[in-house]
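>>> structure of the sequence below:
(chains A and B)
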Amino acid sequence: MKMLLKIGSFLGLVLTLVPPIIFFVGNLELSLMKGYMGIGMVLWFVTAPFWINKPSKSEEV
Amino acid sequence: MSNSFLKKVVGETNEFERTPIPSGSLKGAKSFLGMYAGEHTAGTEFVIGPLFVAHGVSAGDLVFGLLIGNLLAVLSWGLITGPIAASKRLTLYYQLERIAGKNVVRWYNLVNSLMFCFLAGSMIAVSATAVGIPFDLEMPTLSDWLPRTPGWILTVFFMGGVITLVAIQGYSQVSKFANVMSPWMILVFFAAAIVGLAQLGVGSFESLISISQEVIWNGVPLAGMSKFTIWHTIFFAWFCNMAMHIGMSDLTILRYAKSWTYGFYSFGGVFLGHFVAWIASGILYSVFLQAESASQEFAPGAIAYKTLGIAGAICVVIAGWTTANPTIYRAGLALQAIFPKVSTWKITASVGVVTSLAACFPALVMKLLDFVALYGLVLMPMGAVIFADFYFSKKMGFQSEAALNSKSAFSLPALLSWVFTLVFCLGLNFFYGVEIFFLGLPGWFVAIAIFIVLSKIKYPLAKSPYLE
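Numbers count the residues shown, from 1 in each chain, chains lettered A, B, ... in the order given. Below you'll find the predicted structure:
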């Protein structure tokens, strides 16, 4: 489950940074880029809180 | 930064407030790198970068000024704050109490909490520029000092109320939330720079250089703004966190460091937040100015929304909120030290009201560069006192930690160093026209000199009856 959450968070960050790069090279419209960034933000918001602040097993010990 | 670390450092959960940190509680380098990266990519960055553009700094002055100024800031953390923190392992407040006495620390806390209120107020105002978008709120302009509309006041009080309510609940949840948001916010700043450059027509390295020099940081200040040079950039980047490094506030954080060298880890924060983020937010503002050249509007939320959509607007709200919230909490802690019998929630609520009132005035945002410089300057002399006490007490022949050793609640040398230094800086500004950004450096030397001279008179080492 934690792995899935991490993958979701990673995808969220990818959708935050990659669409602006594609927009920069001229292969994406501004409105679409904003939409992808919004989706990336939601993905990050719904996945990252569930694993970022959780202590790892080594920290708990 | 791990949440448990933040709680210990900022939340001050009654742990090691008046004792050195035991070796078992020290933290590794990773905690400090993460903390500095998160702390220095905040709501203020959405204002400072655009204000550099508005003040007409040129591209070369900005880049080289930020590189030099940030390097000086890192050296200040690493060479001035870090060694004392690792040697003493005490909070700023307790270290100051041992040198200056409880009564002087009370005044320091009062000034500190007021500064925190104004800083948090500016961040609430920044958040309000994004929250007001759906309501078509009339945004403040660069020359505004007073609120433009009742809608602005309502929005600010709504944001202030929400943030204060959360602060009353304590620091833990907000610190967790800030930790979660930090990586995403940093990427939003990168995205802002990329999209902004594309909108300005950058397509090659040559066009990047020419557009940076001729369009973004063209060296021409906006109407009514003073002209910034490389010296302004260097000194602002160096001293925008003067309260933390030279002012020694970060003793409270760096006392947890396993090594005295951890102050150097601030480079992660300053070069992300005070280089990348300031440049990115400056580019965003430049896009706005190109689209609406006659506009004097200055609203980070609306500007980020136009370029990055909903993600940009929400980033501004969160950046403002996660900066304002711990600041309100810290202001509450500082006041609680003065009024220990008043309950925490009442103190925090009062701080929230003062902060929200301050946030009504857009001048706090428009004059953020001056305010940040003032904030550092006002608290800096006490850092100089700690520095002089640590390094010069034996060499110059006066008692170290005089208030503690003389069992006094009041040290005249410390108080007079603070007051006379500020009077000296005020004089430089008033009579010689030295701008506030440049007062910190001479002020630091003056504070040290005054403290040494007065301590030698008041607490000479050889004649001290307390050491007999």
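>>> so which residues on chain B come close to chain A?
Residues of chain B lying close to chain A (C-beta under 8 Å from any C-beta of the partner chain) are B:2-4, B:176-177, B:179-180, B:183-184, B:187-188, B:190-191, B:194-195, B:197-199, B:308-312, B:314-315. Any C-beta I mention is one placed from the backbone N, CA and C, and that applies to glycine too.
>>> show me those that map onto helices.
B:3-4, B:176-177, B:179-180, B:183-184, B:187-188, B:190-191, B:194-195, B:197-199, B:308, B:310-312, B:314-315 (DSSP state H).
>>> residues contacting the nearest residue to B:W77 once chain neighbours are set aside?
For B:W77, ignoring the flanking residues on the chain, the nearest one in space by C-beta to C-beta, 6 or more residues apart in numbering or on different chains is B:G263 at 3.8 Å. Residues in contact with B:G263 (C-beta atoms under 8 Å, 6 or more residues apart in numbering or on different chains) are B:74, B:77-83, B:85, B:245, B:250, B:254, B:257.
>>> in three-state terms, label B:G263 for me.
helix (DSSP: H, G, I helix; E, B strand; the rest coil).
>>> neighbours of the closest residue to chain B within chain A, just the number please.
Residue nearest to chain B within chain A (C-beta to the nearest C-beta): A:K34, separated by 2.8 Å. Neighbour count of A:K34, defined by other C-beta atoms under 10 Å in any protein chain shown: 22.
>>> might one say that it is in contact with B:Y305?
No - using C-beta atoms under 8 Å, A:K34 is not in contact with B:Y305, being 9.1 Å away.
>>> now flag whichever of the contacts of B:G263 is closest to chain A.
Nearest member of the contacts of B:G263 to chain A, counting by C-beta to the nearest C-beta, is B:A257, at 18.1 Å.
>>> in space, what's closest to B:Y262 - neighbours in sequence excluded?
B:F32 (4.9 Å).
>>> wait, B:L454
In space, B:L454 is closest to B:P413, 3.6 Å off (C-beta to C-beta, 6+ apart).
>>> again, but for B:W107
B:L415 (7.7 Å).
>>> from B:A86, how far off is the one you found?
The gap separating B:L415 from B:A86 is 28 Å, by C-beta to C-beta, to the nearest Å.
>>> burial measure for the residue nearest to A:F50 when sequence neighbours are not counted, as a count.
Leaving out its chain neighbours, the residue that sits closest to A:F50 by C-beta to C-beta, 6+ apart is A:L5, at 5.2 Å. By other C-beta under 10 Å, 17 other residues sit near A:L5.
>>> residues touching A:L5, list them.
When contacts are counted by C-beta under 8 Å, 6+ apart, A:L5 is found next to A:T47, A:A48, A:F50, A:W51.
>>> filter the residues you listed to the buried ones?
A:T47, A:A48, A:F50, A:W51 (16 or more other C-beta atoms under 10 Å in any protein chain shown).
>>> where do the helices sit along chain A?
Along chain A, counting by DSSP H, helices occupy A:2-24, A:30-47, A:57-60.
>>> do you know which of those lies nearest B:L114?
helix A:30-47 (34.4 Å; C-beta to C-beta).
>>> from the contact counts, what lies against the closest one?
Judged by 3 or more C-beta pairs under 8 Å, 6 or more residues apart in numbering or on different chains; DSSP states H and E, the packing partners of helix A:30-47 are helix A:2-24, helix B:172-199, helix B:310-338.
>>> repeat that with 6 Å
If contacts are counted by 3 or more C-beta pairs under 6 Å, 6 or more residues apart in numbering or on different chains; DSSP states H and E, helix A:30-47 sits against helix A:2-24, helix B:310-338.
>>> and these, which is most packed in?
helix B:310-338 (a mean of 25; mean count of other C-beta atoms under 10 Å in any protein chain shown).
>>> output the lowest mean pLDDT helix or strand found in the chain.
This is for chain A. Every helix and strand of chain A was ranked by mean pLDDT, DSSP states H and E. The lowest is helix A:57-60, at a mean of 41.
>>> look at chain B instead
helix B:3-6 (a mean of 45).
>>> for the stretch 51-200 of chain B, what spans make up the helices?
B:59-76, B:82-88, B:92-100, B:102-131, B:150-168, B:172-199 (DSSP state H, counting those that start in this stretch).
>>> tell me what angle the fifth one forms with helix B:172-199.
If I follow you right, that is helix B:150-168. 140 degrees (axes from the mean of the first three to the mean of the last three C-alpha atoms, to 10 degrees).
>>> how about helix B:150-168 as PDB, C-alpha atoms only?
Taking Å, rounded to 0.1, in the frame of the first residue of the first chain, the C-alpha atoms of helix B:150-168 are listed here in PDB:
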ATOM      1  CA  PRO B 150     -14.100  46.100   2.700                       C
ATOM      2  CA  GLY B 151     -13.800  42.800   0.800                       C
ATOM      3  CA  TRP B 152     -10.000  42.800   1.400                       C
ATOM      4  CA  ILE B 153     -10.500  43.300   5.100                       C
ATOM      5  CA  LEU B 154     -13.100  40.500   5.200                       C
ATOM      6  CA  THR B 155     -10.800  38.100   3.300                       C
ATOM      7  CA  VAL B 156      -7.900  38.900   5.500                       C
ATOM      8  CA  PHE B 157      -9.900  38.400   8.700                       C
ATOM      9  CA  PHE B 158     -11.300  35.100   7.300                       C
ATOM     10  CA  MET B 159      -7.800  33.800   6.500                       C
ATOM     11  CA  GLY B 160      -6.400  35.200   9.800                       C
ATOM     12  CA  GLY B 161      -9.200  33.500  11.700                       C
ATOM     13  CA  VAL B 162      -8.700  30.100  10.100                       C
ATOM     14  CA  ILE B 163      -4.900  30.300  10.600                       C
ATOM     15  CA  THR B 164      -5.200  31.400  14.200                       C
ATOM     16  CA  LEU B 165      -7.700  28.600  15.000                       C
ATOM     17  CA  VAL B 166      -5.200  26.000  13.600                       C
ATOM     18  CA  ALA B 167      -2.300  27.700  15.500                       C
ATOM     19  CA  ILE B 168      -4.400  27.400  18.700                       C
END
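>>> for it, name the packing helices and strands.
helix B:102-131, helix B:310-338, helix B:344-359.
>>> out of those, which is closest to B:G376?
helix B:102-131 (9.2 Å).
>>> from chain A, how far out is the spatially closest residue to B:A331 that is not a sequence neighbour?
What sits nearest to B:A331 in space, not counting adjacent residues and going by C-beta to C-beta, 6+ apart, is B:F116, at 3.5 Å. Separation of B:F116 from chain A (C-beta to the nearest C-beta, to the nearest Å) stands at 25 Å.
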